[in-house]
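Asks: Could you work out the structure for the sequence below:
(4 chains)
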Amino acid sequence: MKKNALKKLLRHHDPYDHTGTDQWFTEALTANAAHHATHCASYEDILKQFECDLSTIQTVEDIAQIPPLPTVYFKRHQMHSAPLKKMVIKATSSGTTSGKKSMIGMRYKDLYNGFKMIWKLFKYHKLWSLKRVNYFIFGYEPTKHVDLVNMKSANGFTYVAPAKKRIYAMRWDNASGGFKVDLDTMKEGLIKAAKQRHPIRTIGFPAYTYFLLKAMQEEGIALQMPKGSLVTIGGGWKEFYTEAVDKQAFYDLVKQVLGIEEKNIIEFFGAVEHPVVMPDCEYHRIHVPVYSRVIIRDPETLEPLPKKAVGIINFLSPMNQTTPLTSVMTDDLGILHEGCECGLKAPWLEIIGRVGMKDIATCAQGAETLLNKTR
Amino acid sequence: MKKNALKKLLRHHDPYDHTGTDQWFTEALTANAAHHATHCASYEDILKQFECDLSTIQTVEDIAQIPPLPTVYFKRHQMHSAPLKKMVIKATSSGTTSGKKSMIGMRYKDLYNGFKMIWKLFKYHKLWSLKRVNYFIFGYEPTKHVDLVNMKSANGFTYVAPAKKRIYAMRWDNASGGFKVDLDTMKEGLIKAAKQRHPIRTIGFPAYTYFLLKAMQEEGIALQMPKGSLVTIGGGWKEFYTEAVDKQAFYDLVKQVLGIEEKNIIEFFGAVEHPVVMPDCEYHRIHVPVYSRVIIRDPETLEPLPKKAVGIINFLSPMNQTTPLTSVMTDDLGILHEGCECGLKAPWLEIIGRVGMKDIATCAQGAETLLNKTR
Amino acid sequence: MILYQGIIEENSQLKTRLASLKDDCYETLNHAHPLETDWVIQACNQLTQKIIAKQFDHIIQPLLTQYDIPEAHFKHYLKMFSQEALEQKVAFELNPQSMKTTTDETHERKLYPLGILFHIAAGNIDVLPAYSVIEGLLAGNINILKLPTGDQGVSVTLLNALIQIEPRLKPYIYVFDVPSTDQETLLQFSKIADAIVVWGGDDAVKAARVMATANTKIIDWGHKLSFAYASLDASDTDLKALAQNIFSTNQLLCSSAQGIYVDTRDYAELDRFAERFFNIMKGMHADYQPVPLGIRSQHTLELYYEQIIQKDTQKTIFKHREFSVVACRDQRLEPSLLFRNVWVKTLPKEAIINTLKPHKNHLQTASILASKDSYHSYQELLIKAGVVRIKAPNEMSYTHTNESHDGMLPLRLYTRIVDCVVPRNDLNHKK
Amino acid sequence: MILYQGIIEENSQLKTRLASLKDDCYETLNHAHPLETDWVIQACNQLTQKIIAKQFDHIIQPLLTQYDIPEAHFKHYLKMFSQEALEQKVAFELNPQSMKTTTDETHERKLYPLGILFHIAAGNIDVLPAYSVIEGLLAGNINILKLPTGDQGVSVTLLNALIQIEPRLKPYIYVFDVPSTDQETLLQFSKIADAIVVWGGDDAVKAARVMATANTKIIDWGHKLSFAYASLDASDTDLKALAQNIFSTNQLLCSSAQGIYVDTRDYAELDRFAERFFNIMKGMHADYQPVPLGIRSQHTLELYYEQIIQKDTQKTIFKHREFSVVACRDQRLEPSLLFRNVWVKTLPKEAIINTLKPHKNHLQTASILASKDSYHSYQELLIKAGVVRIKAPNEMSYTHTNESHDGMLPLRLYTRIVDCVVPRNDLNHKK
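Replies: Next up, the predicted model:
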């Protein structure tokens, strides 16, 4: 019976209708937790350690009782409810200095459910299209050499509208055995695309997109992309933090260099440890889709906080049955808001930043390394 | 007319008959010097600088007038009487610490003459055979990756008798991109060969041969190789010097481990900068073949010395028409002797050692490097 | 920002300046009046006066706030740059009298600067890069300074202020803002320099060693670890003093206590000790400005993680909103989570050397919290293990007059002794 | 050969001894009586007496012959190990009095050994490895010595003789005969050691830097270059004195003159100067034992090569059977061909710093052959360029009492200053 809850959740017509899906979500979530507890002994141990009795979780208010696993746990332990060989995608999070990476698995079932989720969400955001587009991917060219979730998702995204051409910013270089950034080819491609009738879509790391556009701006390039062109960004917000690019400045830059309006810039918020994609609304707010619930927790006590309070972001989702991502505690601080000019009633998430002081300064030997490890 | 001198020299029936070939040698040598002077401007300059008039060289006593080029010259300068692309073999000498190598070229003509020389010499030493043998090569496996004269000569030598099998001590390793020493395979091969009826021939660096046999001796291995088996060594005497292996100890070791008699151990003396191969006699003396003349020069004045005196070894030969090896001053000290129990009348060469004190000790910075460079 | 012979410039001038740097340094050696220690001392003294007179509050005050440095501490540090303190430092470290040979008049021995120093500064405290240059100047050297990543301009401001006071320092100070990744430029600096003075973590030290040619000296002031050593009968007074160090430095300094080693083998006793220290911290934390929310959140997460894996580690965790004490079951010397998160570990006296000696040059300060009878034997063992400073618990991060730096005298390392024969002509005797 | 706590063993014991080395060193730190400088001094003094009494002639005499060291020089070196000389060395280098702070009784400052030194010896002179260990002992350290390749056993004999005299030195001396290629073993030594003391060429220094972890200090005594600087009016007396250094050291020492820089721009003058020096050498060479035939042959070849390429280099070559002087057209500081082959190059006074400073820490000794009026300005420029010893021409390789080593004091580098608070209990005052 509870298994049907996830199906119902995925079948629900409005991907932002929380009220209408709270119960299904709760049921799907406890079923997901139970599934992992059955197949993954260490997950079961943790439920026990925190005295979490799944049967007492009845309403959406109760889901906070499921002990969240911190992302650092996934980085330091491998934890799966399915054998490795059954996984079709083994996603690893990138960008940690210490080299520690989260290992997240997905099976066909998860992929299929994920597709249903994306179908609904993209439909809502009018991203599906039959018109052929030129893709500019600020990410890695697909290759057998590397296994990065960003690469997979960026490439998968090029099927949302049929591709005329795909140009990658990071291309595999056999000589060096690594990726090389090739922004020149991107630039030339963009200049050419502006003269054609096919819309373009850019995809990928905001930092690279920004660097290229900034360089083009300095060269005095101002293009007008074909109607229907989109700039999509996502997959790695850390770069954005450290470059401290003001979002509005970025939107203005896109408008000036590519002639694409702010409303046609779409950001996707996501995390390797959370199996739900979150496109922003036209006001660039990250509304939580029904496949996910967000709890903001007290930075000192980890107790759930009310709306508008700053705390650690805790994602909950029943979408992955391979790795226990049921309730995941991120390293990010955020605020959950209600009400948005775009009309969506689903709460929206404001990201404040990463825990830990940025550019922390210390001379205690080894501490830098340690701090990096925990980020 | 003079060109015929070299032909006559090569056609002479006795490769150790100096008296009978002195005049042809002298003519061939001056012709060779004239050839290089015509085709290589810097060689012509050197002849001029040393006021060497080739026309005054009439008898073998006069050949000392041709200015010898020190080997260091070939290491620091490229000097050829033919364009590089015409060369079929570009031999480089190995083993210098500083990385400086002599570049010696050979054309088809040189190779052909070289073959005629080897035909005569090997015939004299009864090395040609129609019986198939197992080759154990203490040298490099042939590969496109490296260009070492030792490798080429060792491999070429495996055609002197038809090969049943070839086992190499140094095999190319694709993983590391370099050669790896594999003495175990050699050892097993030798043990196996002792049980077969085909004779063996070992070829190559004396040091490696010695190490392997020593190791086998320590394991108590004593084999009896099939009749007609030969141990041939050569191509790199430096290793022998530093390990200070007494030659007799080496012969005894071969007898003990492989059951091969001392008279079936043949050493080849040679140098990259001298195009003549010198097999030793049954008393292990290096007799100078008619294709070569040796002058021992005063270590202080470079004037020619009489027999029995210690001095720097100067090789003269008309065998190479590509690089001016006409008269080459080696870095070795030696003595020229006359008379040998083997009956050969050709003088024989005793090698004393390399110039420069061995294991020279200094703390003046950079001096080590410098000293290595000149060796 | 670039500071080049008294001129402040944009980073875009790097290439131009790099091209002339070597020649300009050599020109100074050739023709400038050799740098006199007194110029530097007077300039520092005057700058100190100006700072006391609040002329530099616009840069000093934000620093004090950022690093939560009490005004009193700052005043103490400032005193290190007074004429009296610097004169004392030079006299103690260089001790020119000691160079005199009384036994032989045919030889002279004198200290000379190494010549040109290349300082690779670390980013932990913003005045340190300037301090390193001042030490280089006191020893008479030309100084090339690579600013740490994220430098906020304090060093350039201070060094430029010195030049304003004493323009003769101009050709002795060069500051560049080059990223650590620009190895090519760093290699150029190091080729010019007689010595690289490298501050920073192991990676920075190692990188300098790999980069520099053999004829470039490397003087490294690597990151260090400090800790407290306590017997079970440590007094409350001492524990409070230690907590004071931990609260006031946030454990960010090389000399801050990262944790407490306790002379026991008994985990139950260790846990009781940890709880006792936890309670002492609880009684004091209100006196200190709280650490930023981001940091607190990070600790909450880290300790929550520790809680999840507690079955495996058997650690006992005492957590307060603002700080924590964790009693561990291992003896490894390691940095704490910083910002008032203290580890407590067993370390019986007999195991001190074998446990700590492998950390050798990483060790710096220890405070000993013990009664009089055991104090000295602890001290001897800790010193043998490699500790170079034994301090009172509340003074672990307090620098005393004429203290060595990590066991060495910087000015000595920045100079060389030159032995000269007195030529016959001058001596008027000897064959 | 291995010397391990007073036991001489075969190299085959390496693995066994390596396995226990760290624990044995730590055991010494834990329980042995700290090494007293006086033990070392007394032992060295007694050993010196025995050597004077010819008890070690079987190893000493072959060395003197091999390196052509005059008996008088050897006696001079021997004096360096007398009680008086060593006491002077310790007093000068460590100068314990200078550690006393008069201003503050709340703090103590004392010198301690670093702990464990790993000496990587070079093979140039056979007693040097033992000398390095003795310096380590004088500073109170445990010493691990890696013998140079081709070591003939002199170091082990001498160090073992020291132990025979003073058995308390046993746990402070470990000698291993490990080839430089056995990086894994060397790494193990360096992990145990507080500092690597590396002797040898640039490659050895660089290898140590690359090998060592960041918390292992590296103290390098790299190879150096020395030379003479002469004005055209240099006296025959000075030139003869210089030739004496060249003949007697064969230019093999760091302090031997490799060549002569002449204060001129004129090649004709340079050639005349070279010929003059050549003639002076010619008048003296008969007084010295000839160099070995192999070496002479090598020079003959090298100079024959120079003759062939003379068109390009324009060098003027003065060659004698036993020595040579070559007047070059470049200014590069470089080793000579050694064994009495001297280069002569132009180096006008104004170019001294720009030409020599790039060699920075490779520079060691210079002798100045000039009249009184220019002598001091030459000296100042040479020192600024990085030279650390200015010697009389015949005394370039002569070590004076209390001389620094390449500008540094070894015992200082082998020790650390420890700053200790005097605990309240002991002090009986202060809050």
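Asks: going forward, measure contacts and count neighbours with C-alpha atoms only.
Replies: Fine.
Asks: Backbone torsions only: list them for C:Val178.
Replies: The phi and psi values for C:Val178, taken as degrees, to the nearest 10, are phi -110, psi 130.
Asks: quick one: contacts for it?
Replies: The neighbours of C:Val178, taking CA atoms under 8 Å, 6 or more residues apart in numbering or on different chains as the test, are C:Lys146, C:Leu147, C:Thr185, C:Leu186.
Asks: Inside helices: which ones of the residues you listed?
Replies: Among the contacts of C:Val178, the members falling in helices (DSSP state H) are C:Thr185, C:Leu186.
Asks: Show me which pair in the contacts of C:Val178 is furthest apart.
Replies: Farthest pair in the contacts of C:Val178 (CA to CA) is C:Leu147 and C:Thr185. Separation: 13.0 Å.
Asks: near chain D, which residues of the stretch 301-431 of chain C?
Replies: Within the stretch 301-431 of chain C, the residues that sit near chain D (CA under 8 Å from any CA of the partner chain) are C:353-354, C:358-362, C:372, C:381, C:383-384, C:386-392, C:403-404, C:406-408, C:416-421, C:423, C:425-426.
Asks: Now the closest residue to chain C within the stretch 201-350 of chain A: closest residue in space that isn't a chain neighbour?
Replies: The nearest approach of the stretch 201-350 of chain A to chain C comes at A:Pro299, 4.5 Å away (CA to the nearest CA). Take A:Pro299 and drop its neighbours on the chain: the residue closest to it by CA to CA, 6 or more residues apart in numbering or on different chains is C:Ser297, 4.5 Å away.
Asks: Over to C:Thr37?
Replies: Computed as CA to CA, 6+ apart, the closest residue to C:Thr37 that is not its neighbour in sequence is C:Leu138, at 5.2 Å.
Asks: Tell me if I'm right that the one you found and C:Leu411 touch.
Replies: Yes - contact criterion CA atoms under 8 Å: C:Leu138 and C:Leu411 qualify, at 7.3 Å.
Asks: Find residues that contact each of those two.
Replies: Listed as contacting both C:Leu138 and C:Leu411 by CA under 8 Å, 6+ apart are C:Val90.
Asks: Please report phi then psi for the closest residue to chain B within chain C.
Replies: In chain C, the residue found nearest to chain B is C:Asn215; the distance is 10.4 Å by CA to the nearest CA. When quoted as degrees, to the nearest 10, the phi and psi of C:Asn215 stand at phi -90, psi 20.
Asks: Tell me the pLDDT of it.
Replies: Listed pLDDT for C:Asn215 reads 94.
Asks: tell me the contacts of it?
Replies: C:Asn215 makes contact with C:Asp194, D:Asp202, D:His359, D:Lys360, D:Asn361, D:His362, according to CA under 8 Å, 6+ apart.
Asks: how close does the fifth one get to D:Asp220?
Replies: According to CA to CA, to the nearest Å, D:Asn361 and D:Asp220 sit 11 Å apart.
Asks: Check A:Thr30 too.
Replies: Relative to D:Asp220, and taking CA to CA, A:Thr30 is found at 66 Å.
Asks: and if you look at C:Ser297?
Replies: In terms of CA to CA, C:Ser297 sits 47 Å off from D:Asp220.
Asks: okay, now the domains of chain A?
Replies: Domain assignment for chain A by automatic domain parsing gives A:2-106+A:273-278+A:285-351, A:115-271.
Asks: whoops, chain C was the one
Replies: Domain assignment for chain C by automatic domain parsing gives C:2-223+C:406-430, C:225-395.
Asks: winner for burial among these?
Replies: Comparing those by mean neighbour count (mean count of other CA atoms under 10 Å in any protein chain shown), domain C:225-395 ranks first with a mean of 21.
Asks: any idea of the mean pLDDT in it?
Replies: Domain C:225-395 carries an average pLDDT of 95.
Asks: and what of stretch C:82-97?
Replies: 91.
Asks: quick one: contacts of it?
Replies: Residues from elsewhere that reach stretch C:82-97 (CA under 8 Å, 6+ apart): C:41-42, C:44-45, C:48, C:79-80, C:110-111, C:138, C:401-402, C:409-412, D:98.
Asks: what does stretch C:27-45 give?
Replies: With CA under 8 Å, 6+ apart as the test, stretch C:27-45 has contacts from C:81-83, C:86-87, C:115, C:134, C:137-141, C:162-163, C:165-166, C:168-169, C:171-172, D:353, D:381, D:384.
Asks: how does it look with 6 Å?
Replies: Here stretch C:27-45 makes contact (CA atoms under 6 Å, 6 or more residues apart in numbering or on different chains) with C:Phe81, C:Ser82, C:Gln83, C:Leu138, C:Gly140, C:Leu162, C:Ile165, C:Glu166.
Asks: How far away from the center of its chain is that stretch?
Replies: With CA atoms, centre = their mean, to the nearest Å as the basis, stretch C:27-45 stands 24 Å off its chain's centre.
Asks: does the residue most central in space within chain A count as helix, strand or coil?
Replies: By CA atoms, centre = their mean, chain A has its centre lying nearest to A:Gly270, at 1.2 Å. Here A:Gly270 is strand, with the state taken from DSSP: H, G, I helix; E, B strand; the rest coil.
Asks: Hmm, it is touching A:Asp280, no?
Replies: No - the pair A:Gly270 / A:Asp280 is not scored as a contact, 10.8 Å apart, by CA atoms under 6 Å.
Asks: ok, and what's touching stretch C:146-166?
Replies: Here stretch C:146-166 has contacts from C:Ala43, C:Ile120, C:Ala121, C:Ala122, C:Gly123, C:Val127, C:Ala130, C:Leu169, C:Lys170, C:Phe176, C:Asp177, using CA under 6 Å, 6+ apart.
Asks: host element of A:Met170?
Replies: strand A:163-173 (DSSP states H and E).
Asks: Actually, C:Arg416.
Replies: Take DSSP H and E as the rule and C:Arg416 turns out to sit in strand C:415-421.
Asks: I'd like the C-alpha coordinates of that strand written as PDB, please.
Replies: Provided in PDB are the C-alpha atoms of strand C:415-421 (Å, rounded to 0.1, in the frame of the first residue of the first chain):
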ATOM      1  CA  THR C 415      72.600  36.600   8.200                       C
ATOM      2  CA  ARG C 416      75.900  35.000   7.500                       C
ATOM      3  CA  ILE C 417      79.200  35.200   9.300                       C
ATOM      4  CA  VAL C 418      82.000  36.300   7.100                       C
ATOM      5  CA  ASP C 419      85.500  35.500   8.100                       C
ATOM      6  CA  CYS C 420      88.200  37.800   6.700                       C
ATOM      7  CA  VAL C 421      91.900  37.700   7.000                       C
END
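Asks: partners of it in the sheet?
Replies: Paired strands of strand C:415-421, with direction, are strand C:107-113 (antiparallel), strand D:389-391 (parallel) (DSSP bridges).
Asks: what would these look like in TSV with distance to D:Leu63?
Replies: Compiled in TSV, the strands paired with strand C:415-421 are given as follows (distance: least, CA to CA, whole Å):
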stretch	distance to D:Leu63
strand C:107-113	30
strand D:389-391	26
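Asks: quick one on the thing from earlier: output the helix or strand harbouring the residue nearest to A:Pro299 as PDB, restricted to C-alpha atoms.
Replies: Assigned by DSSP H and E, C:Ser297 belongs to helix C:293-308. Written as PDB, here are the backbone C-alpha positions of helix C:293-308 (Å, rounded to 0.1, in the frame of the first residue of the first chain):
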ATOM      1  CA  LEU C 293      27.100  31.100  13.100                       C
ATOM      2  CA  GLY C 294      28.700  29.400  10.200                       C
ATOM      3  CA  ILE C 295      31.500  28.000  12.300                       C
ATOM      4  CA  ARG C 296      29.000  26.900  15.000                       C
ATOM      5  CA  SER C 297      26.900  25.200  12.400                       C
ATOM      6  CA  GLN C 298      30.000  23.300  11.100                       C
ATOM      7  CA  HIS C 299      30.800  22.100  14.600                       C
ATOM      8  CA  THR C 300      27.200  21.000  15.100                       C
ATOM      9  CA  LEU C 301      27.400  18.900  12.000                       C
ATOM     10  CA  GLU C 302      30.800  17.500  12.800                       C
ATOM     11  CA  LEU C 303      29.800  16.500  16.300                       C
ATOM     12  CA  TYR C 304      26.500  15.100  15.000                       C
ATOM     13  CA  TYR C 305      28.600  13.000  12.700                       C
ATOM     14  CA  GLU C 306      30.800  11.900  15.700                       C
ATOM     15  CA  GLN C 307      27.600  11.000  17.500                       C
ATOM     16  CA  ILE C 308      26.500   8.800  14.600                       C
END
